[in-house]
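Sequence and predicted structure, then a few things I'm wondering about:
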Amino acid sequence: MKVLIVDDDQLVCESLSILLEGERDIHVMGLAYNGEEAIESCKVNQPDVILMDIRMPIMDGIQATRQIKKQWPHIKIMMLTTFEDEKNIRLALIAGAEGYLIKSSQGTDMANNLRACVKGNAILDEKALKEIMEPKGYDLAQLTSREKDIFHLVAQGCSNKEIAQQLFITEGTVRNTISIVLEKLQVRDRTQLAIHYWKVK
């Protein structure tokens with residue numbers, strides 16, 4: 001099994017490499033330090049599975065996963081991160097990742113999870129699974145009636161001008177309300193807001 005390790009921390013890459021190379025059936029065929037390097041490595045080496053960090057400079061793991069799965073859908077991707085938040089877990093899986101592991105996972109467990117991933121099994125760390133089953137950031141009850149209306153229209157692809165016309169309010173009010181909704185639901189931008197609307201429906 002050929003493994004590509006992608007993490008912006010060189011020490012993490014090297015430590016994981018040493019850990020996995022101790023397994024007789026695992027060969028670490030490369031290290032990459034951001035998403036762009038991961039894509040270039042895939043062009044040359046075609047790994048069986050990638051251990052992919054999420055937060056990296058130049059191109060993050062979720063963007064890289066999306067592009068890699070589009071070009072090489074047979075390559076399995078296991079997200080590897082210290083971040084246990086439900087938002088990143090969902091975004092990683094939406095991008096096409098087959099699994100999500102926390103960096104504190106034990107070495108033997110990680111090797112076994114990689115083997116299972118290559119065989120086509122979906123792998124979620126126990127803590128990550130709990131985050132998905134018990135999400136903390138998407139309690140729609142915290143939104144006012146007006147905020148829910150705007151949340152719905154954003155998810156339908158409406159522009160601020162169109163939302164303002166439909167609800168008979170100003171575009172400034174729409175912008176301010178969207179900012180409030182983003183903050184309450186802990187979402188980065190309106191694109192991700194739309195994605196999460198359909199995920200929690």
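That came through, no problem.

distance between the ends of stretch 41-53?
Using Cα to Cα, to the nearest Å, the span of stretch 41-53 from its first residue to its last is 15 Å.

meant to ask about stretch 78-87
From its first residue to its last, stretch 78-87 covers 16 Å (Cα to Cα).

for stretch 151-163, same thing?
In terms of Cα to Cα, the two terminal residues of stretch 151-163 are separated by 10 Å.

do the same with stretch 90-102
For stretch 90-102, the separation between the terminal residues is 14 Å (Cα to Cα).

Just the buried residues of that stretch, please?
Going by neighbour count (16 or more other Cβ atoms under 10 Å), the buried part of stretch 90-102 is Arg90, Leu91, Ala92, Leu93, Ile94, Ala95, Gly96, Ala97, Glu98, Gly99, Tyr100, Leu101. For the C-beta atoms, the positions are set from N, CA and C on the backbone; glycine is no exception.

Same question for stretch 64-81.
The neighbour-count criterion (16+ other Cβ under 10 Å) identifies 64-69, 75-81 as the buried residues of stretch 64-81.

Okay, and which of these map to helices?
Secondary-structure check on the buried residues of stretch 64-81 using DSSP state H: residues within helices are Ala64, Thr65, Arg66, Gln67, Ile68, Lys69.

Would you mind listing the two of the residues you listed that lie farthest apart?
Taking Cβ to Cβ as the measure, these reach their widest spread between Ala64 and Lys69, a distance of 9.5 Å.
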